[in-house]
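Pasting the sequence and the predicted coordinates here, then a few questions.
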Amino acid sequence: MVAAIEQALQAQRERSTGTLSRLRRTVGWILEDAHGVGTVKVPPASTFNRLVHALADRHGLLGTAAQRRRHSSRPAPPFTPTVALRPGELVMLDSTPLDVMVVLADGVVGKAELTIALDVATRSICATVLRPMGTRSVDAAVLLAQMVTPMRMRRGWEEALAMSRSVIPYERLVSLDARLEGAAARPVITPERVVVDQGRVFISASFTAACDSLGVSVQPAPPANGPAKGNVERMFRTIGDRFSQYVAGYTGSDVTQRGSHVEDEACWTLPQVQDLLEEWLVADWQHRRHASLRHPLAPKLAVSPNEMWAALVGVTGYVPVLLSEDDYVELMPVKRVGINDYGIRFDYRTYDHEVLNPHRGFQSTAPDGMWEVHHNPYDPQQIWVRLPGGWEEVPWIHKERVSLPFTDFTWRHIRATVERRGDRDEHEQQLAQALNRLLRRAGNGEGTRRERTVAARASAAASLAGPVPNQQEPPDPLTAPTLSYGLVGAFTPASLDEPDDEEFEDGWDEDEDPLGTSDDVGGGPAGDEQPSGRAAVPRPSRIYDARQEATQW
């Protein structure tokens, strides 16, 4: 009987949640198969249940599926605490949905995903990135760039939040790094090693390449092992308890805690929520004493993250990391493609420029003979190609046909709804025209709900683009294309999200027709003329312009 119960418990370890009565029947079937019908009788339910608890309690074999998974993810005791002795020695990265509904664009309401970088030695939140659901590898790479650049003071913030008014040794640091003048009281920490989970964003080739460009080593946590990055998991709960529940549009941590009309309460846009979050981090978290943080010279004295950084930076030192325009390009997702007579083609878009003329049809000096290309999924209107003379920007050949910004999500929606009716060049032109009509129609409140949702992403991105502020004036979080806000795309269904490591197309098969047969988006006039009676829509400035980012810092 004991052997049969243990066999049944092991068999249901990975199954969905069941009852003890199901387990009792399973044990009966095991006994019948092993000894014959009626040879070994299963005891009454009360006796059977006591025997099961005696065998399974404290071994993670009973309870719900979630409880069994949590128990199996625990490392074998004795537990070894995670220890870091200097800032940047160990930084944990992770993402989670923020329990707040946000207004993306044109009244479209949706959830956002928060990605943070937590320094274990100081418990400082070194960087935050808030995006619509579906964090990309470029977002994780931008998180690294945020860590090594000072946080600028925002308009309306109290002067008490400035680094010059904090316990951080401001005078000594500003003599080493002039960028800290006018910065907020958030530590600037260069990561040595980052701990990430097994999500495709953090283990993608693009994120690994971004870490290599900054000299950061990547340490993946074991699969389904929450305690391996327990510090950052606990921080997410703290953000929910001390920040999210006080923001309009708070949803609770699960559907059982959600109010009746949360969508109607949502009133903050994505950049506004990120601005509120960063203000809370500087004003509250960085100055709050942490029971796990002890001063190196006074072990009984609990200190705040800023106080811990002030104590450690005098010992470990501080070296500014200045990112150039090329460094920001290096952080973008990378692909390897060929340069053909028509230029570079991938994702049914063709990029071409005269700078490619000397290299058309030739292989690069890399072992695979392909050319390195970096691209921004939130602004596909141009790519960057690494040529022998350095990085060169190559535009999309139909860039001028689309008057509003778009993302790769919007482009894939067009690809899935426009039927191919010509050769590849004609089809690409038709896709560009359909994309332009979709963005304009949805911007006017027309079209289907799906079209308005897809286009809201591009509208949200457009509202975040703007002129680059000068060094003397703090940037406005609602207009400046800073690292915190410059790569925002809007909410898109998960079915449209494709892996960052999707292969580039060097050309199309003439018999291939991956598009649908719907004419919902492709209909209408063939030209790109502006409708009569409506002013032309000005083209906004570049979203996440590497040159602007490098100039700002």
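That came through fine.

where along the stretch 201-350 of the chain do the helices fall?
Taking DSSP state H, counting those that start in this stretch, the helices of the stretch 201-350 of the chain run over residues 205-214, 230-242, 262-265, 270-283, 305-316, 325-330.

Pull out the buried residues from the first one.
Read that as helix 205-214. 206-211, 213-214 (16 or more other Cβ atoms under 10 Å). Any C-beta I mention is one placed from the backbone N, CA and C, and that applies to glycine too.

Glu192 - how many residues pack around it?
15 (other Cβ atoms under 10 Å).

wait, Ser292
10.

ok, now the one 3 residues further on?
Taking other Cβ under 10 Å as the neighbour definition, His295 ends up with a count of 14.

tally of neighbours for the closest residue to it other than its chain neighbours?
Among residues not flanking His295 along the chain, Leu301 sits closest, at 4.5 Å (Cβ to Cβ, 6 or more residues apart in numbering). Counted by other Cβ under 10 Å, the residues lying close to Leu301 total 12.

Do you know the pLDDT at Leu301?
pLDDT for Leu301: 91.

What distance do you get for it to Glu307?
Distance, Leu301 to Glu307, using Cβ to Cβ, to the nearest Å: 9 Å.

thinking again about what came up before, pipe the helices of the stretch 201-350 of the chain into JSON lines and attach mean pLDDT per row.
What follows is the helices of the stretch 201-350 of the chain, written out as JSON lines (pLDDT from 0 to 100):
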{"stretch": "helix 205-214", "mean pLDDT": "84"}
{"stretch": "helix 230-242", "mean pLDDT": "90"}
{"stretch": "helix 262-265", "mean pLDDT": "81"}
{"stretch": "helix 270-283", "mean pLDDT": "90"}
{"stretch": "helix 305-316", "mean pLDDT": "91"}
{"stretch": "helix 325-330", "mean pLDDT": "83"}
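
where do the helices sit along the stretch 351-500 of the chain?
Counting by DSSP H, counting those that start in this stretch, the helices of the stretch 351-500 of the chain are 408-417, 424-443, 449-463.

Can you tell me which of those has the worst average pLDDT?
Note on the helices of the stretch 351-500 of the chain: lowest mean pLDDT is at helix 449-463, with a mean of 56.

Closest to Arg441 out of the buried residues of helix 205-214?
Ser206 (32.9 Å; Cβ to Cβ).

gap between that closest one and Leu435?
Going from Ser206 to Leu435 by Cβ to Cβ gives 24 Å.

Give me the below-cutoff pLDDT ranges for the stretch 351-500 of the chain.
Within the stretch 351-500 of the chain, the segments meeting pLDDT under 70 span 442-500.

which residues in it form strands?
Applying DSSP state E, counting those that start in this stretch to the stretch 351-500 of the chain gives strands spanning 371-375, 382-387, 390-395.

want to throw those strands into JSON lines with distance to Leu176 and mean neighbour count?
Below are the strands of the stretch 351-500 of the chain laid out as JSON lines (distance: least, Cβ to Cβ, whole Å; neighbours: other Cβ atoms under 10 Å):
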{"stretch": "strand 371-375", "distance to Leu176": "31", "mean neighbour count": "21"}
{"stretch": "strand 382-387", "distance to Leu176": "31", "mean neighbour count": "20"}
{"stretch": "strand 390-395", "distance to Leu176": "29", "mean neighbour count": "14"}
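
now those strands as JSON lines including distance to Val148?
Output for the strands of the stretch 351-500 of the chain, formatted as JSON lines (distance: least, Cβ to Cβ, whole Å):
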{"stretch": "strand 371-375", "distance to Val148": "19"}
{"stretch": "strand 382-387", "distance to Val148": "21"}
{"stretch": "strand 390-395", "distance to Val148": "20"}
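
Those: which one's closest to Val174?
strand 390-395 (31.5 Å).

Report all helices and strands that the closest one contacts.
helix 325-330, strand 382-387 (3 or more Cβ pairs under 8 Å, 6 or more residues apart in numbering; DSSP states H and E).

Tell me which residues touch Ala140, please.
93, 115, 129, 201-202, 207, 210 (Cβ atoms under 8 Å, 6 or more residues apart in numbering).

One more pass at 6 Å, please.
Neighbouring residues of Ala140 by Cβ atoms under 6 Å, 6 or more residues apart in numbering: 201-202, 207.
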